[in-house]
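Colleague: Just the structure for this:
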Amino acid sequence: MGRIIFKQRPADTVTIIFLLFLLILTLVFYQHIPKAPFLISLYSILVIAQIILIRFKDSGRFMGGFYDIIFPIICVLVIFDSLEWLVHYVNPEDIDPILIRLDYLIFNNHPTVILERIMSPLLTDMLQIAYSTYYFIPISFGISLLLNNQKKEFNRSLFLIIFCFYLSYLGYILMPALGPRFTINHDTELQGLFITEPIQRLLNRLEGIKRDAFPSGHTAVALTVLYLSYRFKRRFFWISLPVVSALIFSTVYCRYHYVVDIIAGFGLMFLTILFGEWYYAWWLKWSLRNGRGERI
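Modeller: This next block holds a predicted model:
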């Protein structure tokens, strides 16, 4: 059975749809969003750029690489960064009090306070590094598929990972939350040896305050990559499994997330796989039936 090449990917479609959603949302709440003109311009430029890339993606190796890796990264990061100027003005009611009560109901205490008992500077450094691997795990996995000439698997993985990112962003808009580092009084300051403070300062500058605690995108995206690597690149799965496990634990230890955020992240991963795989299978059949794909 031959491989299949498609002229347009579901990843492109979901990016355009989500950008149009954000564009419409900005227009609807135009009077409440201080940077509405900028956001409208930003989302419009990204939509146009995506359409142009679809048209010219086969124009050369550089254009193909930009289309496959660089532009999806740009979209994910730029859209995430834009949420700082959007979420609080669209939905100003943070749900932290609800999340705090749920965590307390489960543990009879705040989980981040409980973890102070095992806190140490070395462990904090290690877990802060683990937390930061979130930004590299999906990229490393995608590049490994391309280097192994697994283009079909790459396209499926790219769609599911981007779909997971956008679903998490939708969650931030619908259920904004700051996270325990802003809302809970801790007895012990989170301190590392050498790494923690510089990484935290860098992340604070890059991320700002997005109200992006619920659901845990770190958990959902990392687990989605684990699922895909188990299917398509088993060695990557076994290498990344302990890193992802440490990453998920670090989200609570480093006070970025409540435990219920992590539970929601698991749920988001299952939703991503359930609906994403269903849509991708439908799209494959539709593309072949309508001449949008060809066997090679």
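Colleague: so where's this protein shaky on pLDDT?
Modeller: 1-7, 59-64, 206-208, 291-296 (pLDDT under 70).
Colleague: Now do the strands in it.
Modeller: Taking DSSP state E, the strands of the chain run over residues 4-6, 293-295.
Colleague: Surely Ile51 is in contact with Leu19?
Modeller: No - shown here, Ile51 and Leu19 do not form a contact pair, counting by Cβ atoms under 8 Å, at 10.5 Å. C-beta: built from backbone N, CA, C; applies to glycine.
Colleague: give the contact list for the residue nearest to the spatial centre of the chain.
Modeller: Residue closest to the average C-alpha location in the chain (Cα atoms, centre = their mean): Phe165, at 3.4 Å. Contacts for Phe165 were tallied using Cβ atoms under 8 Å, 6 or more residues apart in numbering; they are Val76, Phe80, Gly217, Val221.
Colleague: Tell me the spacing between it and Ser287.
Modeller: According to Cβ to Cβ, to the nearest Å, Phe165 and Ser287 sit 23 Å apart.
Colleague: Touching, Val252 and Thr112? I think so.
Modeller: Yes - look at Val252 against Thr112 with Cβ under 8 Å: they come within range, at 6.3 Å.
Colleague: Need the overlap of contacts for these two.
Modeller: Shared contacts of Val252 and Thr112, defined by Cβ under 8 Å, 6+ apart, comprise Pro180.
Colleague: can you point me to the longest helix in this protein?
Modeller: Counting residues, the longest helix found in the chain (DSSP state H) is helix 259-289.
Colleague: which strands and helices sit next to that one?
Modeller: strand 4-6, helix 10-28, helix 96-107, helix 151-174, helix 217-232, helix 234-253 (3 or more Cβ pairs under 8 Å, 6 or more residues apart in numbering; DSSP states H and E).
Colleague: For the fourth one, output the C-alpha coordinates as CSV.
Modeller: Extracted as CSV, the C-alpha positions of helix 151-174 are listed here (Å, rounded to 0.1, in the frame of the first residue of the first chain):
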residue,chain,number,x,y,z
LYS,A,151,5.9,12.5,6.7
LYS,A,152,2.5,10.9,7.0
GLU,A,153,3.0,10.3,10.8
PHE,A,154,4.4,13.9,11.1
ASN,A,155,1.3,15.4,9.6
ARG,A,156,-1.0,13.4,11.9
SER,A,157,1.1,14.3,14.9
LEU,A,158,1.3,18.0,14.0
PHE,A,159,-2.5,18.2,13.8
LEU,A,160,-3.1,16.5,17.1
ILE,A,161,-0.5,18.5,19.0
ILE,A,162,-1.7,21.8,17.5
PHE,A,163,-5.3,20.8,18.2
CYS,A,164,-4.4,20.1,21.8
PHE,A,165,-2.7,23.5,22.1
TYR,A,166,-5.8,25.3,20.7
LEU,A,167,-8.2,23.4,22.9
SER,A,168,-6.1,24.4,26.0
TYR,A,169,-6.2,28.0,24.8
LEU,A,170,-10.0,27.7,24.5
GLY,A,171,-10.0,26.5,28.1
TYR,A,172,-8.1,29.5,29.3
ILE,A,173,-10.7,31.8,27.7
LEU,A,174,-13.7,29.9,29.1
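Colleague: Since that was my last question, I'll sign off now.
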